[in-house]
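# Sequence first, predicted coordinates after that:
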Amino acid sequence: MVCQVSDHGTPSRFVTAEIAVTVKDVNDNRPLFDPIDATYACSIEEKKSAGEPCVTVVATDDDAPGTDNSKVTFKITGGDSFFTIDQDTGAVTTMELLDRELKDTYVLTVTASDAGAPVLQTPATIIVTVTDANDHVPSFAAKTYSTSVAENSAVVGLLTLTATDADLAGTPNSKFKFSLVGGGDGKFSVGEDDGILKTVGAANALDREAKSSYELTVQVQDLGFPPLSSTASVLVTVTDVNDNKPMVNSSNLSFQLPEDATLNTGGISITATDKDIGDNAVLRFDIVSGNTADAFAIDAKTGLISLAAKLDYETIKVYRLGITATDAGSLTGGIDLASTVVEVNIEVTQPAITLSLCSPPAFAPTEVAGLLPTSIMRCHLPSGIGSVDVSLSQ
């Protein structure tokens, strides 16, 4: 600035002087963030170690440079204590591990303050998004499952496996697939996407008589990196169907009875087995043919054949009985597998004559010319058949 002083004489006289004016700064400007809306955002993957950088905030003050009025420092004044800020540089970092499944968003308030008097401040907002890491193992709804299926079944669904993954929905970390990793002998499959456990059927159909149960190991694995997985056990019980005929065990199905045999005399017992179980293996024996005049009876449970009527050798010498061993199961697929028919041959024999059945002679021995003395014995046959006179040489 130049200042001039002059008088009022003639001629007028004047003098000039240069004046330097210094304007002293007053703290009249607040710190300003860049960007002007004072909103920041950052993303941090969960489970990162402490000290993970988030964002660096920037603020300036238009007051006199190098003075307290323009010196800016930063401080977190709102939000969670999981973060810290460098008061001079404005760099925001984590102080602890973050877990997205516990909290996926943090909102911090950062205040920029100058050092003037009075102190002037400006707040800013930082939005921290915690991104997902594949840190959760998918798990089945149960560790063990059990189900049953009838043998000889075609392809049939047994049960639907379900699982959950706590990682972020809709991401590979929470998507998973199912597989069968143990047991089953190639007779089962698991849907990769739907988790439905099925029988394979056809050439690999189940046969309870060969194997009555299977213990399977199923796995669920997510699509994250690295992939995580867990397993569960499935016990499959194969139930019985009536698919086996009774098998007669007897090797010699014939016997003899004398015609004078008493009623209820036992002959042979028909024995049979059935590979099925339950009612399908409970057997009943019946005479279905050849039993003329109902001469014989059979015990339905034990299979013992016994005499039910008098025999007559002169009328029937051989009986050929048709006997069925029938289980208590139902038919399978319309095919009669419930019974087996066997033939039993019964030969009727004449009774033997023994001296113990003969009476002493009713008359004295006689002499026959040219022969030795003889005695006539009257022998009575059993069961009221009659008697016969027998000549005995002495």
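Yep, that arrived. Numbering: from 1, shown residues only.

# For Lys245, grab the count of nearby residues.
Residues near Lys245, counting by other C-beta atoms under 10 Å, number 18. Backbone N, C-alpha and C define where each C-beta goes, glycine included.

# element containing it, please.
For Lys245, there is no host helix or strand (DSSP states H and E).

# My guess is it contacts Asp274. True?
Yes - the pair Lys245 and Asp274 qualifies as a contact (C-beta atoms under 8 Å) at a distance of 7.5 Å.

# Start and end of stretch 290-302, how far apart?
Terminal residues of stretch 290-302 lie 20 Å apart, using C-alpha to C-alpha, to the nearest Å.

# Give me the contact list for that stretch.
When contacts are taken as C-beta atoms under 8 Å, 6 or more residues apart in numbering, the neighbours of stretch 290-302 outside the stretch itself are 267, 269-270, 284-287, 304-309, 311, 316, 319-323, 343, 346.

# Just the buried subset of those residues, please.
267, 270, 284-285, 287, 304-305, 307-308, 311, 319, 321, 323, 346 (16 or more other C-beta atoms under 10 Å).

# Which one of the residues you listed is nearest to Asp240?
Of all those, Asp240 sits closest to Arg284, with 18.1 Å by C-beta to C-beta.

# Residues in contact with the helix or strand containing the closest one: which ones?
Using DSSP H and E, Arg284 sits in strand 283-289. Under the contact criterion C-beta under 8 Å, 6+ apart, strand 283-289 has outside partners 246, 270, 272, 274, 296-303, 321-328, 341.

# could you flag which of the residues you listed are buried?
Judged by neighbour count, with buriedness set by 16+ other C-beta under 10 Å, the buried members of these are 246, 270, 272, 274, 296-298, 303, 321, 323-327.

# now those residues as a markdown table including distance to Gly182, secondary structure and pLDDT?
Shown next, in a markdown table, are those (distance: C-beta to C-beta, whole Å; DSSP: H, G, I helix; E, B strand; the rest coil; pLDDT from 0 to 100):
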| residue | distance to Gly182 | secondary structure | pLDDT |
| --- | --- | --- | --- |
| Pro246 | 37 | coil | 92 |
| Ile270 | 46 | coil | 92 |
| Ala272 | 39 | strand | 93 |
| Asp274 | 33 | coil | 94 |
| Phe296 | 57 | strand | 96 |
| Ala297 | 56 | strand | 97 |
| Ile298 | 51 | strand | 96 |
| Gly303 | 45 | coil | 94 |
| Leu321 | 54 | strand | 94 |
| Ile323 | 48 | strand | 93 |
| Thr324 | 45 | strand | 93 |
| Ala325 | 41 | strand | 93 |
| Thr326 | 42 | strand | 93 |
| Asp327 | 36 | strand | 92 |
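
# and of those residues, the nearest to Lys24?
Nearest to Lys24 among the buried ones among the contacts of strand 283-289, with distances taken as C-beta to C-beta, is Asp274, at 115.2 Å.

# any idea how far the residue lying closest to the closest one once chain neighbours are set aside is from Val236?
In space, and not counting its chain neighbours, Asp274 is closest to Ala281: 4.1 Å by C-beta to C-beta, 6 or more residues apart in numbering. When C-beta to C-beta, to the nearest Å is applied, the distance between Ala281 and Val236 equals 22 Å.

# So for these two, which sits in the more crowded spot?
Set side by side, Ala281 and Val236 show unequal neighbour counts under other C-beta under 10 Å, the larger going to Val236 at 23 against 17.

# which stretch of helix or strand covers the more buried one?
Secondary-structure element containing Val236, defined by DSSP H and E: strand 229-239.

# tell me which strands and helices that strand is in contact with?
Other elements packing on strand 229-239 under the criterion 3 or more C-beta pairs under 8 Å, 6 or more residues apart in numbering; DSSP states H and E are strand 139-140, strand 144-150, strand 213-222.

# would you turn the ones you listed into JSON lines with mean pLDDT, distance to Ala117 and mean neighbour count?
Output for these, formatted as JSON lines (pLDDT from 0 to 100; distance: least, C-beta to C-beta, whole Å; neighbours: other C-beta atoms under 10 Å):
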{"stretch": "strand 139-140", "mean pLDDT": "98", "distance to Ala117": "61", "mean neighbour count": "20"}
{"stretch": "strand 144-150", "mean pLDDT": "96", "distance to Ala117": "73", "mean neighbour count": "14"}
{"stretch": "strand 213-222", "mean pLDDT": "98", "distance to Ala117": "59", "mean neighbour count": "19"}
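
# which stretch among these comes nearest Ser254?
Relative to Ser254, the nearest member of those by C-beta to C-beta is strand 144-150, separated by 40.0 Å.

# Can you list the neighbours in contact with the following helix or strand past the closest one?
Beyond strand 144-150 in the direction of the C-terminus, DSSP H and E gives the next helix or strand as strand 157-160. Outside strand 157-160, the residues within contact range by C-beta under 8 Å, 6+ apart are Tyr145, Thr147, Val149, Phe188, Asp194, Gly195, Ile196, Leu197, Lys198, Thr199, Val234, Val236.

# CA atoms only for strand 157-160, dumped as CSV, please.
Backbone C-alpha positions of strand 157-160 (Å, rounded to 0.1, in the frame of the first residue of the first chain) are rendered in CSV as follows:
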residue,chain,number,x,y,z
GLY,A,157,-36.6,-92.8,-4.3
LEU,A,158,-35.8,-93.7,-0.7
LEU,A,159,-35.3,-90.3,1.0
THR,A,160,-34.2,-86.7,0.2
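
# Tell me how far Thr262 lies from Gly51.
107 Å.

# Return the distance of the strand holding Arg284 from the chain's centre.
On the basis of C-alpha atoms, centre = their mean, to the nearest Å, the separation between the geometric centre of strand 283-289 and that of its chain is 43 Å.

# still on that earlier bit, any idea of the angle the strand holding Val236 forms with strand 144-150?
Taking axes from the mean of the first three to the mean of the last three C-alpha atoms, to 10 degrees, strand 229-239 and strand 144-150 form an angle of 30 degrees between their directions.
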